[in-house]
Structures are given as structure tokens and as C-alpha cells.
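Novice: Give me coordinates for this.
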Amino acid sequence: MELQLENIGCSKDNMNSPIHNWYKFTAGFSYKFVDYLLSDLSQDSVVFEPFAGCGTTLVSAQKNGYYSVGNEGQEFMYDICRAKLNWTIHKEVVDQYISQIKNRVFSDFESYDISRENPLLIELYDDYNLKVLCIIRNYINSIADESYKLFFKLALSNVLHKTAIYPIAVPYISRSKRIINNGQPLEKFVSVCDKMTNDIVTQPAQYHQAHVFLHDSRKQNSLIETNSCSICITSPPYLNNLDYGEVSKVHSHFWGITQSWNDITTKVRSNLVTGATTHYKETDFDIERFTNSEFAKNNKEVMSDLLALYHRIKENAHGRSGKKSFHILMMHYFDDMYNVFHEIRRVLSPNSKAYLILGDSAPYGVYIPTTQILGEIATSTGFQNYSIYKIRTRGTKWRSLSNRHNIELSENILELS
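Specialist: Take a look at the predicted model:
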């Protein structure tokens, strides 16, 4: 593979690309990577994305005229993805809805009671902004046309970032600084809608060529036929303790998908690959039972290496204040990805390839060659070969911090064939 592109493993490029920049996600990768891979495919190829996220792969496929299918386990991100893939929105209709939304804000503002809203929202927004945001949200929820409901839902979700008291466009809410100029929620909402409608006009097609399912890729999706796809392009969760269930909790609380930590655990985390120590109970894990699992039996050499890492991480945890069970997280993660690889291999046609953007990790200073291990695991699910291409070095910014490891990590492309 010859690939000379910067910022492949982050979403920096996407911020300057129409449709792609409709929603800023904490974790992402460059649409240019997808465009590069699609340039060598025949036009009748079908693209598969097991972790659709905010839709980078699916949007790029549709922009380039390719059919694509994908799974997304989070309901909020699923709706974001569907909105970004719908280009049948008309500006005159949007303007009619906006006029009605303005009238609703003016008529309901004085009487609207925000005390019934989620406590987290009351904490993160001043009274005026939260009133306006909630009135707009309630109107959007009443829209019968699903296409326009999703369009406005995405637009308002963008405004949540711009009108909070504290930054929420980060993995975890930071209350150490306040956002400047966080007012005018209605005006910002209208501005976002205008940008989105202007972007749609520039797109080459006004019809759907992508289908995304609210589905966990660790399980078989019966709606995607076996051997129906020509290529897989994705970036799965990294083994870095980033809790994707919590990342979008402000949005999921705001839209009524979740109301509490328990909801996040039962409705969100349970549908995601295990990527954080908050995804499981340590007391539920039995290493002896795990060594007799399907994953362990079909990956004996890998399992031998993982057991050595398991005990090293567990030992190192004793000297750390957090004492997080990264050793258990690691085992769950690779077991989950084993199941994902089975689904990828099932939907891909013979001789097709899969491309995954991945990062290595070093919990408690124990280096885990994540990309290589996943390559080995993939060969136990039907893939014949794997290759690794380094994108960039990562983890070096922590070298000055005494409480962090100083191990040089890499971000890579894993090619499966």
C-alpha cells in the first residue's frame, strides 16, 4: 500500500469537508482515507462499515457513488449518521419549519418549566439557553416527517456544543473553564440549518446509496447478506479506556435516550465493544472460564501472550492509585473484536479486503501490540493474511508527566485479506 496522507487517524480533514463536518465527534478518521481506497474499486462495489459512528465511511461512499451498509450500536450516533446520509432535504421546507420553530419559542418561552429537565442539563446550561433548546427539541420531536426530524435533530445537537456553559465536545465534561459567547441558541440553530442546506445543494446525488442499521457488530446482522460486500473500511474503538458510552451522554440525556448512569450502562454500553473499564463488573470476570471460551480455544497462541500481559498489567495495577482493571478490559476487548471479525468476514465476498485504523496501547506501562494481536485474531475467523502500515507515532506528549507511561505507541492501518 502506498499512502501519503497526513492526519489519517484523526478527523481534522473532515472539518473542512461538506457533510463530513456536520458533526464533530471525539474520535474519528479522515474521509481522505476512504476516498483513497474507493478510487481503486469498481463502481458496483459495496462498502461495509461495522462501526459507522458519525458516518465518515458511509458519507464518503455515497459522495463517490458507491453503495454501502453499516452498523452503529449507539442510538444517538445512529440518528446522526442517518441525518448525514439524507440529501433529499429542501431549503424551502426547512425555512417553513424554522418559521414555525421561531413562533413556538416566542409563544412557549415564558411558561416553559426547565426544572423537569435532566439535572445534568440544568447544570451545563443557563436558564435562558436551556429553555430555548428544550422548546426547539420538543417541536422537532413532533415533526412527522422522519427525514426532517433527523435533519433538525442533528442541527440542534451541534448547537448543544455551542451554547453550554462548559465544553462538552470532549470525552468527559470539563468544568475547569467556561465557554465564551455561549448565547443566542435560536440564532445559532438557524445558522447551522442554513449551512447544512447549502452543503446538500453541492452534493452529486439526491438519493440514498447508504443504509445504516442500529446494530451491534459483535452479533450477526441478518439484514446484511453473506458475501454481499466488496470492502470493509472502519476504525473500531481503541483499547485506551475511552468510554464511548459516556462520550455522548449530554446528547443522549437531552434527547431522552438516557436519563441516568444506569441507562448509559444498560442502553448504550451494552451495545458497544468493550473499550473502557466502566463497561463491565470486575467481580463478574473469571479468568479460568475465559480461557475455555470459544475465542481462547481458537486463538491458543494469542491467548498465551494475552495471559502473560494479563498478569503483568494486574501486578502493575497494585502500585497505581486508580487500580483500574485494565487486565480484564484487555481480555474483553479482544474477545469482542474476535466476534466483530467473524461478522466482517461473513459479509465480505471472497478475496475482499478489510481496512482498520487502530492504535496500540500501554495500560499501566505494559505495552500491548494491539494491531498485531488483532491481525492474528482475524486469521482465526477466516482471513488468510494481514499487513500493518504505520500512520504515526502517538503517546509521546505524556513523557513529561510522572504519572503516565513513556512508551512510544503507534497508530496503524491493519489490512486483512
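
Novice: what helices or strands is the lengthiest helix in the chain leaning on?
Specialist: In the chain, with assignment by DSSP state H, the single longest helix is helix 326-347. The contact analysis (3 or more C-beta pairs under 8 Å, 6 or more residues apart in numbering; DSSP states H and E) places helix 326-347 against strand 229-234, helix 287-290, helix 294-298, helix 300-317, helix 370-379. Backbone N, C-alpha and C define where each C-beta goes, glycine included.

Novice: for the ones you listed, which one sits closest to Tyr333?
Specialist: Proximity to Tyr333 (C-beta to C-beta) singles out helix 370-379 among the helices and strands packed on helix 326-347, at 8.3 Å.

Novice: one step back: list the pairing partners of whichever helix or strand comes after the longest helix of the chain within its sheet, with orientation.
Specialist: Past helix 326-347, further along toward the C-terminus, the next helix or strand under DSSP states H and E is strand 348-359. Here strand 348-359 is paired, per DSSP bridges, with strand 229-234 (parallel), strand 409-416 (antiparallel).

Novice: Most tightly packed of those strands?
Specialist: The highest mean neighbour count among the strands paired with strand 348-359, using mean count of other C-beta atoms under 10 Å, belongs to strand 229-234: a mean of 24.

Novice: could you give the angle of that strand to helix 326-347?
Specialist: Using axes from the mean of the first three to the mean of the last three C-alpha atoms, to 10 degrees, the inter-axis angle of strand 229-234 relative to helix 326-347 is 160 degrees.

Novice: which residues touch strand 229-234?
Specialist: Outside strand 229-234, the residues that touch it by C-beta atoms under 8 Å, 6 or more residues apart in numbering are 33-34, 37, 41-42, 45-51, 57, 69, 344, 347-349, 352-357, 416.

Novice: show me where the stretch 151-300 of the chain has strands.
Specialist: Secondary structure of the stretch 151-300 of the chain, counting by DSSP state E, counting those that start in this stretch: strands at 210-214, 229-234.

Novice: picking up where we left off before, okay, the strands paired with strand 348-359 in JSON lines with mean pLDDT next?
Specialist: Listed next are the strands paired with strand 348-359 as JSON lines, based on pLDDT from 0 to 100:
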{"stretch": "strand 229-234", "mean pLDDT": "98"}
{"stretch": "strand 409-416", "mean pLDDT": "96"}
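
Novice: Dump the ones you listed to JSON lines, plus distance to Asp95.
Specialist: Below are the strands paired with strand 348-359 laid out as JSON lines (distance: least, C-beta to C-beta, whole Å):
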{"stretch": "strand 229-234", "distance to Asp95": "36"}
{"stretch": "strand 409-416", "distance to Asp95": "43"}
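
Novice: For Phe334, find the nearest of those strands.
Specialist: Closest approach to Phe334 among the strands paired with strand 348-359 (C-beta to C-beta): strand 409-416, 13.4 Å.

Novice: now this structure, which segments are flagged as low pLDDT?
Specialist: When residues are selected by pLDDT under 70, those of the chain lie in 1-6, 170-171, 205-206, 321-322, 395-405.

Novice: The residue nearest the centre of it in helix, strand or coil?
Specialist: Nearest to the geometric centre of the chain sits Gly53, at 3.5 Å (C-alpha atoms, centre = their mean). Using DSSP: H, G, I helix; E, B strand; the rest coil, the structure places Gly53 in coil.

Novice: Next, give phi and psi for the closest residue to Asp13 other than its chain neighbours.
Specialist: Nearest residue to Asp13, sequence neighbours excluded (C-beta to C-beta, 6 or more residues apart in numbering): Ser30, at 4.2 Å. Taking degrees, to the nearest 10, you get phi -80, psi 140 for the backbone angles of Ser30.

Novice: and Ser30, what does it touch?
Specialist: With contact set as C-beta under 8 Å, 6+ apart, Ser30 has these partners: 5, 7-14, 56.

Novice: for Ala27, same thing?
Specialist: By C-beta under 8 Å, 6+ apart, Ala27 lies in contact with 11, 53, 235, 237-238, 242, 244, 247.

Novice: Which PyMOL command selects the buried ones in those residues?
Specialist: Remark: buried members of the contacts of Ala27, expressed as a PyMOL selection using 16 or more other C-beta atoms under 10 Å:
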select buried, resi 11+53+235+237+238+242+244+247
